[in-house]
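Enquirer: Starting from these lines, generate the structure:
(chains A, B, C and D)
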Protein chains: 2
Amino acid sequence: MGASILVVEDESAIQELIALNLSQAGHESLLAADAQEALDRVRESLPDLILIDWMLPGMSGIDLVRRLRANERTQNVPIIMLTARADEVDKLMGLESGADDYITKPFSIRELNARIKAVLRRRAPQMTEDPVRFKDLLLDPGTHRVSVRGDEISLGPTEFKLLHFFMTHPERVYSRTQILDHVWGDHVFIEERTVDVHIRRLRAALEPSNTAELLQTVRGSGYRLTALP
Amino acid sequence: MGASILVVEDESAIQELIALNLSQAGHESLLAADAQEALDRVRESLPDLILIDWMLPGMSGIDLVRRLRANERTQNVPIIMLTARADEVDKLMGLESGADDYITKPFSIRELNARIKAVLRRRAPQMTEDPVRFKDLLLDPGTHRVSVRGDEISLGPTEFKLLHFFMTHPERVYSRTQILDHVWGDHVFIEERTVDVHIRRLRAALEPSNTAELLQTVRGSGYRLTALP
DNA sequence: GCATGCTGTAACATTGCCGTCACACCTTGT
DNA sequence: ACAAGGTGTGACGGCAATGTTACAGCATGC
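Expert: Numbers count the residues shown, from 1 in each chain, chains lettered A, B, ... in the order given. You can find the predicted model right below:
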């Protein structure tokens, strides 16, 4: 814990309420009263999460979300919307505009905390250029090599990305759809069963090093890379 | 509608006022005059919502909330605080102690009803991606694993969802129809007795860890996951 | 032009789970 | 004690999910 959270809210009462609550939960809160101030704040330092009120003076909360999503720097920062209007339409618009979650006012502090915790928890680890280690496996995106205790393993491009994804997201189960999104990229239109085939090819490549059993299938859910039996 | 609501209030005038109002709204009201009585009541049957007066003889309302939140059995029951003191501080303390909402006295019946309705609407404990604990059981949807004190339990997809449902809705009896709706999804056309079979399979899987008795049969009503003997 | 390596898809094989039934057992009321 | 309904239990056929193999297309390099 101990995340930095930007609160964009014009009503000072609610702002203080949230800020106090966040600090008690061990978070650092940054405050902004309108969209422009929020954008300025974000330019200085990137928060781990942004809470945005739907109704803001000047630029609306939704427009702010769009702006944040359009900016490469901020497009991956999770956003929670606060809205007084409980209509389904609003919810949809909020999510479509790019928010990760929304809460309708009046909301309880418990609920707010739960949402924050949930959003922060699924703050996904990114696939960077750094070498990744998992059990005996060593994967280096820079040199594009995979090895087990020094013995190199030869993988095709797709198998490499697939293993890279699993090694940066170990122990977690991912559906075929999620795997397609992360490894192939969103919006690709590929048969889900194709994932199975690549899992098989990856397993075959890992087989000689006896590390294939790390890649488990979870019937009905997807696949997972695990260190446990 | 038709929720059971526990009212913890020492002033009998207000108590009766609320009870009358609740019954007119189609709710069943349970009454308790102090914190201890409230705890006793809760032990018998779990209400859908608890109204707690801030000022109570003996243990204060806030302490009661803390006690309820500390108890595994009651930690997810929504709570609304009634308080005569309108200070922001009080609001904060009430919410931080674990209440879902608060109402300052004097309050209008209309407002009370609105709050109750709102809280009940968002009451349903959701089956999220968060790990769930219940007694010795630990279920993690993210990794799709269930364990008892470290020992993993292997479950099929349906048994997993079934256990997940019960663990997020403990201490409450669900009919076979309700279980089908929640676990299989609405509008499925499946024999109700099928639920029995899956309950049996789940029990068999829990048997080795001596946690099978947590899954109780309530003859004529359905099933329930409970910590009580 | 040919060989090579990789990919996505389809088709077939296999596994494991699911839903249902039949019957045994238990509970309740008369 | 009996009947009647509710629940436990074991077995079984079916089928959906997954494993596996084969193949055609498409780059790339020689």
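Enquirer: how does chain A divide into domains?
Expert: Taking automatic domain parsing as the reference, chain A has its domains at A:4-121, A:132-225.
Enquirer: Following the chain onward from the helix or strand bottoming out on mean pLDDT in chain A, which element is next?
Expert: Within chain A, no helix or strand scores below helix A:88-96, which has a mean of 50 by mean pLDDT, DSSP states H and E. Downstream of helix A:88-96, the first helix or strand assigned by DSSP states H and E is strand A:101-104.
Enquirer: Tell me which helix or strand comes right after that next one.
Expert: Helices and strands here follow DSSP H and E; after strand A:101-104, the next one along the chain is helix A:109-121.
Enquirer: Return the set of buried residues in that next one.
Expert: Residues of helix A:109-121 classed as buried: A:109-113, A:115-116, A:118-119 (neighbour count, 16 or more other Cβ atoms under 10 Å in any protein chain shown). For glycine as for every other residue, the C-beta is placed from the backbone atoms N, C-alpha and C.
Enquirer: Redo the residues you listed as JSON lines? Include distance to DNA strand D and pLDDT.
Expert: Shown next, in JSON lines, are those (distance: Cβ to the nearest atom of the strand, whole Å; pLDDT from 0 to 100):
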{"residue": "A:109", "distance to DNA strand D": "39", "pLDDT": "69"}
{"residue": "A:110", "distance to DNA strand D": "35", "pLDDT": "70"}
{"residue": "A:111", "distance to DNA strand D": "33", "pLDDT": "73"}
{"residue": "A:112", "distance to DNA strand D": "36", "pLDDT": "80"}
{"residue": "A:113", "distance to DNA strand D": "34", "pLDDT": "80"}
{"residue": "A:115", "distance to DNA strand D": "30", "pLDDT": "81"}
{"residue": "A:116", "distance to DNA strand D": "32", "pLDDT": "84"}
{"residue": "A:118", "distance to DNA strand D": "25", "pLDDT": "77"}
{"residue": "A:119", "distance to DNA strand D": "28", "pLDDT": "79"}
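Enquirer: for those residues, which one is nearest residue A:210?
Expert: Minimum distance to residue A:210 across the buried residues of helix A:109-121 is 37.3 Å, recorded for residue A:118 (Cβ to Cβ).
Enquirer: Show the average pLDDT along stretch A:80-87.
Expert: What stretch A:80-87 shows for mean pLDDT is 68.
Enquirer: Please apply the same query to stretch A:153-172.
Expert: According to the model, stretch A:153-172 has a mean pLDDT of 94.
Enquirer: got the end-to-end distance for it?
Expert: End-to-end distance of stretch A:153-172 (Cα to Cα, to the nearest Å): 24 Å.
Enquirer: Partner strands of whichever strand or helix holds residue A:216, with direction?
Expert: Using DSSP H and E, residue A:216 maps to strand A:215-218. In the sheet, strand A:215-218 lines up against strand A:222-225 (antiparallel) (DSSP bridges).
Enquirer: Give the helix, strand or coil label for the nearest residue to residue A:2 once chain neighbours are set aside.
Expert: In space, and not counting its chain neighbours, residue A:2 is closest to residue A:26: 5.3 Å by Cβ to Cβ, 6 or more residues apart in numbering or on different chains. Under the three-state scheme (DSSP: H, G, I helix; E, B strand; the rest coil), residue A:26 adopts coil.
Enquirer: ok, now the one 4 residues further on?
Expert: Going by three-state DSSP, the secondary structure assigned to residue A:30 is strand.
Enquirer: again with residue A:65
Expert: Assignment for residue A:65 (three-state DSSP): helix.
Enquirer: And for it, the neighbour number?
Expert: For residue A:65, the count of nearby residues is 26 (other Cβ atoms under 10 Å in any protein chain shown).
Enquirer: mind checking how far it is from residue B:83?
Expert: Applying Cβ to Cβ, to the nearest Å, the value for residue A:65 to residue B:83 is 35 Å.
Enquirer: that older thread, what's the strand holding residue A:216 in contact with?
Expert: A:166, A:173, A:199, A:202-203, A:206, A:223-226, B:144 (Cβ atoms under 8 Å, 6 or more residues apart in numbering or on different chains).
Enquirer: ok, and the most crowded of the residues you listed?
Expert: residue A:166 (27 neighbours).
Enquirer: That one sits in which helix or strand?
Expert: helix A:157-168.
Enquirer: got the end-to-end distance for stretch A:186-196?
Expert: Stretch A:186-196: ends 18 Å apart by Cα to Cα.
Enquirer: let me redo that: stretch A:214-229
Expert: OK, stretch A:214-229 end separation, Cα to Cα: 8 Å.
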